[in-house]
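K.L.:
show me the folded form of this:
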Amino acid sequence: MDLNLFFALLGGLLVLAFVANRLVHYTGVPDVLVLMATGVLIGPVLHLVKPELFQGVTHGFGSLALMLILFEGGLDLKIREILRHFAGGFFLSIFSFALSALGTAVVCRMALHFAWIPALLVGAVLGCISSSILLPVLQQVKLRREVKVILLVEASLGDAIAVLAVSTLLDLAAGGVASPRAIVIHLTLSLLIAVAAGVAAGFLWARLLPVLSEQRFWHVLTFAAVLLVYSGVHAARGNELVGVLVFGLALSNFPYARRRVHLDEGVKGSDWFSEVPVKPEHAPSMEHHQAQMLTFHGELAFLIRTFFFVLLGSLVELSGLRRNAVLALGCFGALFLARWIAVQSGRLAWRRVTSEERELMIWFLPRGLITAVLGIRVLEGRGAEFEFLPSLAFAIILLTNLVLLVGTLRARRIASKTTSEISSIDSETLTSDSIA
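P.N.:
Numbering: from 1, shown residues only. Predicted coordinates for the structure are as follows:
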């Protein structure tokens with residue numbers, strides 16, 4: 001490709017990604033649909049990009065984007081809210097993933113005549129909703145904070161659960177130990193290692209921030225710490241994505257933890273859980289550092305995520321999409337049914353959620369970055385048997401994001417209806433007061 005054309009294409013993609021991201025607020029169309037459609041246009045349709053040049057880096061791009069998005073999500077979480085709504089989000093994450101994976105596995109056994117382990121591998125790849133797509137959408141739609149936090153917990157845990165499930169099933173497919181007890185022990189140790197490493201790294205980095213933040217390029221150093229946490233947890237056989245998420249969570253909530261255990265008794269500092277944080281007199285506040293980190297890592301994640309979804313679209317084989325259309329529709333039907341059952345079964349876990357909010361939670365089932373990354377990982381690990389999986393993952397991402405679009409439009413309609421009802425009640429109250 002001509003170098004000038006490459007730079008022009010690069011600049012155009014970034015402008016398109018920015019515009020698509022801004023238009024989510026007005027149109028409700030997830031920007032991932034625009035990015036994947038652009039990739040299909042410049043790849044299989046116009047042949048401006050040769051897909052074979054990028055096949056080796058797609059997995060790396062996806063893992064890096066997922067890592068940054070989870071770290072950013074951890075920075076933006078508050079422990080008090082997580083603990084308050086953890087049970088509802090945990091239930092939805094586990095139950096929805098289990099039903100989705102099992103339903104998809106049944107479809108694959110019937111359509112492809114797979115054994116249970118390969119069928120469950122496909123189910124695990126397609127089973128979890130995508131935090132990389134849901135988090136930006138939750139920032140745009142008008143939902144009660146309680147519902148948003150439940151969905152946020154589900155999405156954050158879902159990525160980690162899917163990685164654990166796929167890793168375990170790949171080990172089993174390769175001849176690993178299939179004992180349920182061994183699987184439970186492996187999963188538990190993986191999570192404990194990730195949480196311990198993430199908490200330790202977060203506390204350590206929070207202590208270093210007051211010194212490091214006075215230096216140039218300290219954001220790059222924090223990015224290096226994220227990469228080291230990811231690699232270190234992976235080397236220790238922990239769940240690297242959970243480690244990164246906990247790293248961001250511990251880093252952002254460290255001032256609160258110090259105050260709780262009276263390490264900063266009598267010292268003025270920032271309390272991230274108060275509406276008006278207390279700022280120190282002679283140093284930048286931790287809240288200021290958090291805002292800067294969120295901005296830097298958010299923009300970095302946006303850049304990498306843009307390239308990943310465009311690359312994913314350019315790598316799609318249109319013939320593969322046509323060949324797997326029936327399978328994709330069957331898997332999508334299983335995913336939607338599993339989502340409906342999981343949400344309706346969770347009434348006891350979130351009693352204050354209304355029927356309209358439960359309906360919206362059903363529509364919010366997008367697949368995205370983690371689905372594509374795990375699909376590529378399974379293909380690399382199992383070979384020709386799963387050649388159909390990238391095309392199937394693309395189709396499922398497309399279908400579930402179209403359903404998400406329906407959900408965002410419904411959320412707007414419900415929000416406008418609620419606003420008009422409140423205005424009507426206020427008008428009636430004013431009228432009755434004036435008559436009185």
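
K.L.:
can you name the next helix or strand after the host helix or strand of residue 98?
P.N.:
In the assignment (DSSP states H and E), residue 98 maps to helix 79-112. Later in the chain than helix 79-112, the nearest helix or strand by DSSP H and E is helix 116-126.

K.L.:
in that following helix, what's buried?
P.N.:
118-126 (16 or more other C-beta atoms under 10 Å). Placement of C-beta: from N, CA and C, glycine included.

K.L.:
ok, stretch 293-302 next?
P.N.:
In stretch 293-302, counting by 16+ other C-beta under 10 Å, buried: 293-294, 296-298, 300-302.

K.L.:
and these, which is closest to residue 5?
P.N.:
Distances from residue 5 to the buried residues of stretch 293-302, taken as C-beta to C-beta, are shortest for residue 302 (23.5 Å).

K.L.:
measure that closest one to residue 14 for me?
P.N.:
9 Å (C-beta to C-beta, to the nearest Å).

K.L.:
so how far is residue 328 from residue 320?
P.N.:
Applying C-beta to C-beta to residue 320 and residue 328 gives a distance of 10 Å.

K.L.:
now swap in residue 83 and tell me
P.N.:
Taken as C-beta to C-beta, the span from residue 83 to residue 328 is 38 Å.

K.L.:
so where's the stretch 201-350 of the chain uncertain?
P.N.:
255-291, 294 (pLDDT under 70).

K.L.:
about what we covered before: show me what the mean pLDDT comes to for the helix holding residue 98.
P.N.:
Helix 79-112 carries an average pLDDT of 86.

K.L.:
does anything pack onto it? Which helices or strands?
P.N.:
Packed against helix 79-112 by the contact rule (3 or more C-beta pairs under 8 Å, 6 or more residues apart in numbering; DSSP states H and E) you find helix 116-126, helix 145-173, helix 240-260, helix 325-345.

K.L.:
return the set of buried residues in it.
P.N.:
79, 81-82, 85, 88-93, 95-109.

K.L.:
same deal with stretch 375-393?
P.N.:
375-379, 381-382, 386, 388-393.

K.L.:
pick the one among these closest to residue 190.
P.N.:
Nearest member of those to residue 190, counting by C-beta to C-beta, is residue 377, at 16.2 Å.

K.L.:
contacts made by the helix or strand hosting that closest one with the rest, please.
P.N.:
Residue 377 belongs to helix 369-382 when assigned by DSSP H and E. Outside helix 369-382, the residues within contact range by C-beta atoms under 8 Å, 6 or more residues apart in numbering are 58-59, 62-63, 65-66, 69, 118, 121-122, 124-126, 128, 130-133, 158-159, 162-163, 166, 170, 173-174, 305, 308-309, 312, 386-387, 389-390, 392-394, 396-397.

K.L.:
that helix versus helix 116-126: what angle between them?
P.N.:
Using axes from the mean of the first three to the mean of the last three C-alpha atoms, to 10 degrees, the inter-axis angle of helix 369-382 relative to helix 116-126 is 150 degrees.

K.L.:
how far does helix 369-382 sit from the chain's center?
P.N.:
Distance of helix 369-382 from its chain centroid, counting by C-alpha atoms, centre = their mean, to the nearest Å, is 16 Å.

K.L.:
residue 135 contacts residue 158, doesn't it?
P.N.:
No - under the criterion of C-beta atoms under 8 Å, residue 135 makes no contact with residue 158, lying 11.7 Å away.

K.L.:
okay, the two: which has more neighbours?
P.N.:
Under the criterion of other C-beta atoms under 10 Å, the comparison of residue 135 against residue 158 puts residue 158 first, with 24 against 19.

K.L.:
what about the closest residue to the more buried one other than its chain neighbours, distance to residue 318?
P.N.:
Spatially, and ignoring its direct neighbours in sequence, residue 158 is nearest to residue 128 (3.6 Å; C-beta to C-beta, 6 or more residues apart in numbering). Counting by C-beta to C-beta, the gap from residue 128 to residue 318 is 27 Å.

K.L.:
who has more neighbours out of the two?
P.N.:
More crowded of residue 128 and residue 318, by other C-beta under 10 Å: residue 128, with 29 against 12.
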